[in-house]
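S.K.: no letters, just coordinates:
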C-alpha cells in the first residue's frame, strides 16, 4: 500500500512557513499530521534533521520544493510540544518520533492482552513486539524503547 499525500503537499506555499500567526498554526498542524502519518506508514521511529530535508516527506521533487532545515526544526519542536517527539541530543539534530504517544501504545497493548486472555501471563518484550501472536497488530515490530515507555504510561502494568 502506497502512502497518500495530502493536497497541501503539492501546494508550493506549504513549503514556506507562513508569517500570519493563524495561517502558520494551521500549516504547522498540517505538517505535524503529515510527518506523523508518513512515519507511521513507514514505521520510522528516529529521524535526523539534516537527512529529513532530503526525505520525501519534506522534499517534494515533483514541484521542486523542500522545507528548510529551520522549518523542519520548527515542525519537530511542535511535535515535541504535543508529546510526539523527543530530542536525542542537545543540538536537536536527531529525534525519536512517536506517531502514537507512549500512553496510547500502552492502552492499545493492554486491550490486545485483555482480548487474547493473557492478563497475568508472562511474556518477553520480543514476544510482544515480534511474536507470531502479535502478527498483524499495529504494535507488531514496535521498537523496544517505545514499548518500555508505553508500560510506564499505563497504570495497570
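M.R.: Nice, thanks for sending it over. Source: prediction; values computed, not measured.
S.K.: for residue 79, see how far away residue 4 is.
M.R.: Taking Cβ to Cβ, to the nearest Å as the measure, residue 4 falls 20 Å from residue 79. In short, each C-beta sits where N, CA and C put it, glycine included.
S.K.: more neighbours, these two?
M.R.: Counted by other Cβ atoms under 10 Å, residue 4 and residue 79 do not tie: residue 79 has more neighbours, with 23 against 8.
S.K.: and the pLDDT for the closest residue to that one other than its chain neighbours?
M.R.: Nearest residue to residue 79, sequence neighbours excluded (Cβ to Cβ, 6 or more residues apart in numbering): residue 85, at 3.9 Å. Note on residue 85: pLDDT of 94.
S.K.: ok, now the one 5 residues further on?
M.R.: With respect to pLDDT, residue 90 has a value of 93.
S.K.: contact partners for residue 123?
M.R.: Residue 123 makes contact with residue 131, according to Cβ atoms under 8 Å, 6 or more residues apart in numbering.
S.K.: could you rerun that using 10 Å?
M.R.: If a contact means Cβ atoms under 10 Å, 6 or more residues apart in numbering, then residue 123 has 113, 131, 133, 134 as its contacts.
S.K.: got JSON lines for these, with secondary structure, distance to residue 73 and pLDDT too?
M.R.: Rendered in JSON lines, the data for the contacts of residue 123 read as follows (DSSP: H, G, I helix; E, B strand; the rest coil; distance: Cβ to Cβ, whole Å; pLDDT from 0 to 100):
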{"residue": "113", "secondary structure": "helix", "distance to residue 73": "38", "pLDDT": "88"}
{"residue": "131", "secondary structure": "coil", "distance to residue 73": "38", "pLDDT": "87"}
{"residue": "133", "secondary structure": "helix", "distance to residue 73": "40", "pLDDT": "88"}
{"residue": "134", "secondary structure": "helix", "distance to residue 73": "35", "pLDDT": "88"}
